[in-house]
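Undergrad: predicted coordinates and the sequence they were generated for:
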Amino acid sequence: MKEQLARNISTYRKERGLTQEELAQTLGLSFQAVSKWENAQTMPDISLLPALSRTLQVSVDKLLGYVSQDKPVTVYEETYKTQEYYWGTVPNEVCYQVLQLMPPTKHVKLLDIGCGEGKDAVFFARNGYDVTAFDVTDAGVEKTKKLAAQTGVHVHVFKADIVDYRLDTHFDILFSSGVLHYIKPDFRQEIFENYKQFTNPGGMHVFNAFVGKPFIAPPPENEPYAFNWYSGELLAHYRDWYIRDSAEIVFDCNSSGIPHQHAMSKMIAQKISDIRV
């Protein structure tokens, strides 16, 4: 918990635009005290948590790393509460590339980051992968469990926010489709370093991200917590990995009932540790 709290204090302080000294002054402390918190050398006294929570504008639960939400972070929180599967149950096309590039001929651990209603996570489980998945919506987690049960497979699925969650165990494949835009630009480097650190040698990251284009209008959903990537940004995080596939596409979408377009960057990168000279 100490490391989680340290990271959250640093993250939410920066989101509020506060320096360590400014946060310390608000709490009546020295900036060294805040520095020690953020370096996980010490923890705040329990009596300071309410004031710290108010200053950073997050609940004590979220500050401590629990997944309860102060407010919805996605428009799909309500959308997923219907009986129907909003995205359907047909897997993303890139799932078939994963099957080709790293088939589960041995035990392969896969993490689906932001699994939505579970269609891709369940597809991977059906094909023999050991699947873990998380989503920020309660309804999405429940529908993933339901779809897995109906299909007769197991997916270890839980609720977590992509902004707060960090890996502490290794995986062979990290997969994410249409979710990375919820990571603010300031925190992408740190989050992706964590993802890379906890990927086994030879493992793969299979990601896509929405990119902003001046010739494409903003999507009709108008999500307040979404931040587009720019062309080439996703690829730049993997200059030390082997790039198996990289492409940028523009496609038509009717997900909200209003025809619109998206531009998306797709990347498949592999962690190669055997360097020959």
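TA: Thanks, I have the structure now.
Undergrad: list phi and psi for F198.
TA: The phi/psi pair for F198 (degrees, to the nearest 10) reads phi -100, psi 30.
Undergrad: from A236, how far out is it?
TA: 20 Å (C-beta to C-beta, to the nearest Å). In this view, the C-beta of every residue, glycine as well, is placed from N, C-alpha and C.
Undergrad: what does Q32 give?
TA: 35 Å.
Undergrad: likewise T132?
TA: In terms of C-beta to C-beta, T132 sits 27 Å off from A236.
Undergrad: ignoring the adjacent residues along the chain, who's closest to K2?
TA: A40 (5.0 Å; C-beta to C-beta, 6 or more residues apart in numbering).
Undergrad: and what of Y238?
TA: In space, and not counting its chain neighbours, Y238 is closest to A269: 4.1 Å by C-beta to C-beta, 6+ apart.
Undergrad: show me what contacts that neighbour?
TA: M204, H205, Y238, W241, Y242, I243, R244 (C-beta atoms under 8 Å, 6 or more residues apart in numbering).
Undergrad: now do the strands in the stretch 151-277 of the chain.
TA: Assigned by DSSP state E, counting those that start in this stretch, the stretch 151-277 of the chain shows strands spanning 156-159, 171-177, 199-210, 242-253, 260-270.
Undergrad: now for the fourth one, which elements pack on it?
TA: Under the contact criterion of 3 or more C-beta pairs under 8 Å, 6 or more residues apart in numbering; DSSP states H and E, the helices and strands touching strand 242-253 comprise strand 260-270.
Undergrad: could you give the angle of the strand it packs on to strand 171-177?
TA: 170 degrees (axes from the mean of the first three to the mean of the last three C-alpha atoms, to 10 degrees).
Undergrad: just to revisit the earlier point, out of F198 and A236, which sits in the more crowded spot?
TA: Neighbours per residue, other C-beta atoms under 10 Å: of F198 and A236, the larger number sits with F198, 16 against 11.
Undergrad: what residues are up against that one?
TA: Residues near F198 by C-beta under 8 Å, 6+ apart: L167, D168, T169, H170, F171.
Undergrad: how far away is it from I113?
TA: Distance from F198 to I113, by C-beta to C-beta: 12 Å.
Undergrad: L29 now?
TA: Distance from L29 to I113, counting by C-beta to C-beta: 36 Å.
Undergrad: just want to know which of the two has more residues nearby.
TA: Using other C-beta under 10 Å, the more surrounded residue of L29 and I113 is I113, with 22 against 17.
Undergrad: just checking, the more buried one touches I162?
TA: Yes - between I113 and I162 there is a contact at 6.3 Å, judged by C-beta atoms under 8 Å.
Undergrad: overlap in contacts of these two?
TA: Contact criterion C-beta under 8 Å, 6+ apart; residues shared by I113 and I162: V179.
Undergrad: which residues in the stretch 101-250 of the chain form helices?
TA: All helices of the stretch 101-250 of the chain, identified by DSSP state H, counting those that start in this stretch, fall at 119-126, 138-151, 188-197, 233-236.
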